[in-house]
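Asker: structural data only, the sequence is not supplied:
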């Protein structure tokens, strides 16, 4: 059977035509195109990709094929890119060049020279040899989405790319008490048809720094079980990093960073997490990366924090000659003139 559906427009997201993996010896024809083709199979497993007249044909292991009907006609007017299962987006030219298909040449019309006039349509392109055959056989298109050799329909309805956001408290922070996991909850605007991934990173000083989280504030013994890598940047800072995945069909995911409880009375400690290299979704700020604030709350804040004399003209919290007057915890107190 031949698929003859047309994707509907989406007002907020990119229109996508799904290109599913056909079964063994099945021959799938995609007749409805959008500006993005989402391959539901690894391109590394494609045996070959060829141009047949105006169609793009994938030959798969097991003798199956996928035909993108009138692909080269479509790209004369509209650019098409390919969305790979890992979220990578490639232009048609980049995707097809390894298969020695020059998109610019393949999409151009054929001139009426060299005795080809008998094989030209009115638009100047070669007629499909199959369409020139008049076998008298009726082609049943009453069941859209039914590829030859399959047992059920395959839809090419458009799928949408959801937006990815991070849940924040009303004060614009994500927070946890020291000794607990600092949990960042990620949300998709709607469940995705493809898995969504994002890389995250937190850069902190290696040594203690008043009011700022350092490497010593995290429980490094639990990093491996939480998929956290640590990189020494060679400049006195370290970067904690990992990848978060939201499976296809799900709408939420989380990043969990274990913190360390200590007995010190100290400031609440701030940090920043950055999301980047997002696949299967787009960040809600529309940019390639986004940063969010977080704070580790001191659990000894019911005890007084004693601070020495402060120069109001130089309130630098990191200046060893000038103790800091700022308190990250409202429950802490300052005894003016006291010893630190």
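Answerer: Good, I have the coordinates. Here the structure is a predicted model, which means the values were calculated and not measured.
Asker: near residue 291, how many other residues are there?
Answerer: By other Cβ atoms under 10 Å, 13 other residues sit near residue 291. Where C-beta positions appear, they are placed from N, C-alpha and C, glycine not excepted.
Asker: next one: residue 248
Answerer: Other residues close to residue 248 by other Cβ under 10 Å number 14.
Asker: same question, residue 169
Answerer: A total of 11 residues lie near residue 169 under the criterion other Cβ under 10 Å.
Asker: now do the SS call for it.
Answerer: Following DSSP: H, G, I helix; E, B strand; the rest coil, residue 169 is assigned to coil.
Asker: who are the contact partners of it?
Answerer: With contacts defined as Cβ atoms under 8 Å, 6 or more residues apart in numbering, the neighbours of residue 169 are residue 175.
Asker: pLDDT score for it?
Answerer: On pLDDT, residue 169 comes in at 78.
Asker: so how far is residue 259 from it?
Answerer: 17 Å (Cβ to Cβ, to the nearest Å).
Asker: same check on residue 93?
Answerer: 48 Å.
Asker: equivalent analysis for residue 83, please.
Answerer: For residue 83, the distance to residue 259 equals 37 Å [Cβ to Cβ].
Asker: neighbour count for those two, which is higher?
Answerer: Counted by other Cβ under 10 Å, residue 83 and residue 259 do not tie: residue 83 has more neighbours, with 24 against 20.
Asker: tell me the pLDDT of the closest residue to residue 47 other than its chain neighbours.
Answerer: Distances taken as Cβ to Cβ, 6 or more residues apart in numbering put residue 59 closest to residue 47, at 4.5 Å, once the chain neighbours are dropped. Per-residue pLDDT puts residue 59 at 92.
Asker: over to residue 226?
Answerer: 93.
Asker: which residues in the stretch 51-200 of the chain form strands?
Answerer: Counting by DSSP state E, counting those that start in this stretch, the stretch 51-200 of the chain has these strands, from start to end: 55-59, 65-68, 81-83, 89-91, 163-166, 173-177, 181-188, 196-205.
Asker: paired strands for the helix or strand just after the last one, with orientation please.
Answerer: Under the assignment DSSP states H and E, the closest C-terminal helix or strand after strand 196-205 is strand 229-232. Strands adjacent to strand 229-232 in the sheet, as given by DSSP bridges, are strand 237-246 (antiparallel).
Asker: where is the longest helix in this protein?
Answerer: The single longest helix within the chain, with elements called by DSSP state H, is helix 71-77.
Asker: could you list the low-pLDDT ranges of this protein?
Answerer: By pLDDT under 70, the low-scoring segments of the chain are 1-14, 106-160, 265, 300-340.
Asker: helices of that one, start to end?
Answerer: Using DSSP H, the helices of the chain run over 71-77, 92-96, 103-106, 129-132.
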